[in-house]
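Participant: Coordinates only, no sequence provided:
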């Protein structure tokens, strides 16, 4: 290769480099209009920056269990992952071992009989399932009832699918239940889905049989598909319930469940959808085009988790009860009002007078005390006057947070 050729090639490389140094302008899809980055994604990044600056923030905002799964579950994952034939693509409907374990779990804990072959669909987390459901059933122009306050993913998922959210307000005065009288005055003609979530997040409100009966009757009357999101039924709750235990529920409802909270397996991403065969088949049409199934050792370990005895849940809940006492002390220090008997991984509390909203109190505690608590407004306008504190930190961390607040506020 002569010098002239080398010089020409060098010139070409320099020219190419100049073109590739500028990122092209590419508009995002219209479906992302109004969809921002998830609040906790942004806030955790800010907390990371504060920590790098030496602030050592105590995070009492996120509902990710800090406890490990049961040792037998971890051992099962290890043993199954060591087998050379466990690493291929899996059945799109999930392992029969896991589906059968879910069926037994539902029967033992919820008194719900499910066909493991046709009425259960394992998911890579129930958050994934929310998106699958929306993409399976919703078209532009469809309306979806979502709770306010409620899990923000309901709104973002349905908007991405092209539908429109219709919020139904939950209030403390109505025990954080839907106001059916008000809903009956709403134009429900184009409502296709209704998201419900009990034990409710973020309020921690437990369901009653009467509530579930009302929901099923309402859905049947208006030909609405109920989507019950049920990941918190085992946390600080002595009587786990499933909407599917209600007479007629299988005709109008599907239920999402998860091992994230109940079995300390949030990062494992293991959820399940339960419902009538027709519903499972419909969601599978979408899901099977989106992923290739869950790692088999994870599924087998999840099956092991579902077989754990009552003593496992008792031990976990006793720990959360102890932590809740400390969180009560913290909330009293902030002069918040709350119900001590909440289910789930959080404490939901009304802010005292003197603060514009929960964001103001959250920011004050974060920037002055180095403690992060969640503003209730991220769950909807009905949560503006509230904050939420997680139980997913040990007693020492909560005690340290209390001392910091005492010194600074």
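Facilitator: Now that the structure is in, tell me what you want to look at. The structure displayed is predicted, hence computed values, not measured ones. Numbers count the residues shown, from 1 in each chain.
Participant: Roughly how far does residue 235 sit from residue 286?
Facilitator: To residue 286, residue 235 is 30 Å away according to Cβ to Cβ, to the nearest Å. C-betas here are computed from N, CA, C, even on glycine.
Participant: which of these two has more neighbours?
Facilitator: Between residue 235 and residue 286, residue 235 has the larger neighbour count (other Cβ atoms under 10 Å), namely 23 against 15.
Participant: could you list every residue that touches that one?
Facilitator: Contact criterion Cβ atoms under 8 Å, 6 or more residues apart in numbering gives 199, 261, 262, 316, 317, 320, 343, 344, 345 as the residues in contact with residue 235.
Participant: what does stretch 353-366 contact?
Facilitator: Contacts with stretch 353-366, where a contact means Cβ under 8 Å, 6+ apart, come from 57, 334, 351, 371-377, 383-387, 405, 409.
Participant: How many neighbouring residues does residue 255 have?
Facilitator: Counted with other Cβ under 10 Å, the neighbours of residue 255 add up to 26.
Participant: Correct me if wrong, but it is in a helix.
Facilitator: No. With DSSP: H, G, I helix; E, B strand; the rest coil as the criterion, residue 255 is assigned strand and is not in a helix.
Participant: which residues does it bridge with?
Facilitator: Here residue 255 sits in beta bridges with residue 228, residue 274, as judged by DSSP bridges.
Participant: quick one, what contacts it?
Facilitator: Contact criterion Cβ under 8 Å, 6+ apart gives 227, 228, 229, 230, 242, 243, 244, 273, 274, 275 as the residues in contact with residue 255.
Participant: Pipe those into JSON lines and attach pLDDT and neighbour count per row.
Facilitator: As requested, those are exported to JSON lines (pLDDT from 0 to 100; neighbours: other Cβ atoms under 10 Å):
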{"residue": "227", "pLDDT": "98", "neighbour count": "27"}
{"residue": "228", "pLDDT": "98", "neighbour count": "25"}
{"residue": "229", "pLDDT": "98", "neighbour count": "26"}
{"residue": "230", "pLDDT": "98", "neighbour count": "25"}
{"residue": "242", "pLDDT": "98", "neighbour count": "22"}
{"residue": "243", "pLDDT": "98", "neighbour count": "26"}
{"residue": "244", "pLDDT": "98", "neighbour count": "26"}
{"residue": "273", "pLDDT": "98", "neighbour count": "26"}
{"residue": "274", "pLDDT": "98", "neighbour count": "27"}
{"residue": "275", "pLDDT": "98", "neighbour count": "28"}
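Participant: Looking at the contacts of stretch 353-366, which are in helices?
Facilitator: residue 405 (DSSP state H).
Participant: buried subset of the contacts of stretch 353-366?
Facilitator: In the contacts of stretch 353-366, burial by neighbour count holds for 57, 334, 351, 371-377, 383-387, 405, counting by 16 or more other Cβ atoms under 10 Å.
Participant: Tell me how far the residue lying closest to residue 92 once chain neighbours are set aside lies from residue 91.
Facilitator: Nearest residue to residue 92, sequence neighbours excluded (Cβ to Cβ, 6 or more residues apart in numbering): residue 288, at 4.5 Å. When Cβ to Cβ is applied, the distance between residue 288 and residue 91 equals 10 Å.
Participant: cool, and residue 314?
Facilitator: Per Cβ to Cβ, residue 314 is found 34 Å from residue 91.
Participant: which one of those two has more residues nearby?
Facilitator: In terms of neighbours (other Cβ under 10 Å), residue 91 is the more surrounded of residue 314 and residue 91; the figures are 14 against 11.
Participant: Now do the closest residue in space to that one that isn't next to it in sequence: how many residues are near it, please.
Facilitator: Residue nearest to residue 91 in three dimensions, not counting chain neighbours: residue 293, with 6.3 Å by Cβ to Cβ, 6+ apart. Using other Cβ under 10 Å, the number of residues around residue 293 comes to 18.
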